[in-house]
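>>> any chance you could fold what I've pasted below:
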Amino acid sequence: AFNYKTGSWADWVLETTGGAGVDLVICCVGAPYFNDNLHVLAPGGRLVMLGFLGGARVEHAKLAHIVLKDLTIIGSTLRSKDPDYKAKLAQDFANRFWDDFSSGILSPVVDSTFSHTDIHQAHERVAQNLNIGKVVVTFGSG
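Coordinates of the predicted model:
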C-alpha cells in the first residue's frame with residue numbers, strides 16, 4: 001500500500017511495477033488524477049471512473065495515452081442502478097469476500113471514529129482531507 005499524501009503515487013506505481021504499469025485503475029477522485037491514471041496504465045489497460053470527488057473537468061488531458069496505449073475508459077455509478085441490481089451486487093461481494101474479512105486477510109482502513117454527537121468534527125476532518133481511510137460515526141453505546 002502507498003500513502004498518497006507522502007509522495008507521487010504514480011511514480012510509486014511505475015517504480016513498483018518496474019515501469020510496466022498496471023492493468024486496472026479504479027478512480028473516484030477524477031480530474032486531479034486523470035493524467036496520472038492514464039500514465040500508470042499498461043498497454044491495453046482499463047480506467048474505471050466511479051466518481052469525481054476532486055472535480056469532473058480535466059483542463060489538460062493527455063489524450064495520446066489513450067490511443068497509443070490502447071486504453072479503455074469506463075464510467076460507472078451505482079446511484080442510478082435499481083435496488084435489485086444493488087442487492088445482487090452486495091450479495092455477490094459478501095459471497096466472495098466475507099470469509100476474507102472475517103479471517104482478517106482483508107480489513108477496512110479506518111482513519112478515525114467519532115460519536116454522532118461529534119459529527120461536526122468528523123465532517124471537518126473529511127472536509128480538510130486529513131483522513132487516510134474511513135471516518136466512522138457511531139450511534140448509541142454499541
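>>> would you say L130 is within a helix?
No: read with DSSP: H, G, I helix; E, B strand; the rest coil, L130 is coil and lies in no helix.
>>> and it, what pLDDT?
pLDDT recorded at L130 is 89.
>>> and it, how many neighbours does it have?
12 (other CB atoms under 10 Å). For the C-beta atoms, the positions are set from N, CA and C on the backbone; glycine is no exception.
>>> show me the strands in this protein, by range?
22-27, 41-49, 72-75, 110-115, 134-138 (DSSP state E).
>>> closest one to A122 among these?
strand 110-115 (4.0 Å; CB to CB).
>>> so which bits of the closest one are buried?
Using 16 or more other CB atoms under 10 Å as the test for burial, strand 110-115 gives 112, 114.
>>> how many other residues sit next to G133?
Neighbours of G133 (other CB under 10 Å): 10.
>>> how much space between it and G45?
26 Å (CB to CB, to the nearest Å).
>>> helices of the chain, residue ranges please.
Remark: helices assigned in the chain by DSSP state H are 9-16, 34-40, 64-68, 83-103, 119-127.
>>> give me the angle between the first one and strand 22-27.
So the one you mean is helix 9-16. Here helix 9-16 runs at an angle of 160 degrees relative to strand 22-27 (axes from the mean of the first three to the mean of the last three CA atoms, to 10 degrees).
>>> mind checking how far helix 9-16 is from the chain centre?
16 Å (CA atoms, centre = their mean, to the nearest Å).
>>> what's the answer for the longest one, then?
Its chain's average C-alpha position is 18 Å from that of helix 83-103, according to CA atoms, centre = their mean.
>>> could you export that helix as PDB, CA atoms only?
Provided in PDB are the C-alpha atoms of helix 83-103 (Å, rounded to 0.1, in the frame of the first residue of the first chain):
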ATOM      1  CA  PRO A  83     -32.400  -1.700  -5.900                       C
ATOM      2  CA  ASP A  84     -32.400  -5.300  -7.200                       C
ATOM      3  CA  TYR A  85     -29.100  -4.800  -9.000                       C
ATOM      4  CA  LYS A  86     -27.500  -3.200  -5.900                       C
ATOM      5  CA  ALA A  87     -28.800  -6.000  -3.700                       C
ATOM      6  CA  LYS A  88     -27.300  -8.700  -6.000                       C
ATOM      7  CA  LEU A  89     -24.000  -6.800  -6.200                       C
ATOM      8  CA  ALA A  90     -23.800  -6.600  -2.400                       C
ATOM      9  CA  GLN A  91     -24.600 -10.300  -2.100                       C
ATOM     10  CA  ASP A  92     -22.000 -11.200  -4.700                       C
ATOM     11  CA  PHE A  93     -19.500  -9.100  -2.800                       C
ATOM     12  CA  ALA A  94     -20.300 -10.800   0.500                       C
ATOM     13  CA  ASN A  95     -20.200 -14.300  -1.000                       C
ATOM     14  CA  ARG A  96     -16.700 -13.500  -2.500                       C
ATOM     15  CA  PHE A  97     -15.100 -11.600   0.400                       C
ATOM     16  CA  TRP A  98     -16.900 -12.300   3.700                       C
ATOM     17  CA  ASP A  99     -14.600 -15.100   4.800                       C
ATOM     18  CA  ASP A 100     -11.500 -12.900   4.000                       C
ATOM     19  CA  PHE A 101     -12.900 -10.100   6.100                       C
ATOM     20  CA  SER A 102     -13.900 -12.400   8.900                       C
ATOM     21  CA  SER A 103     -10.400 -14.100   9.000                       C
END
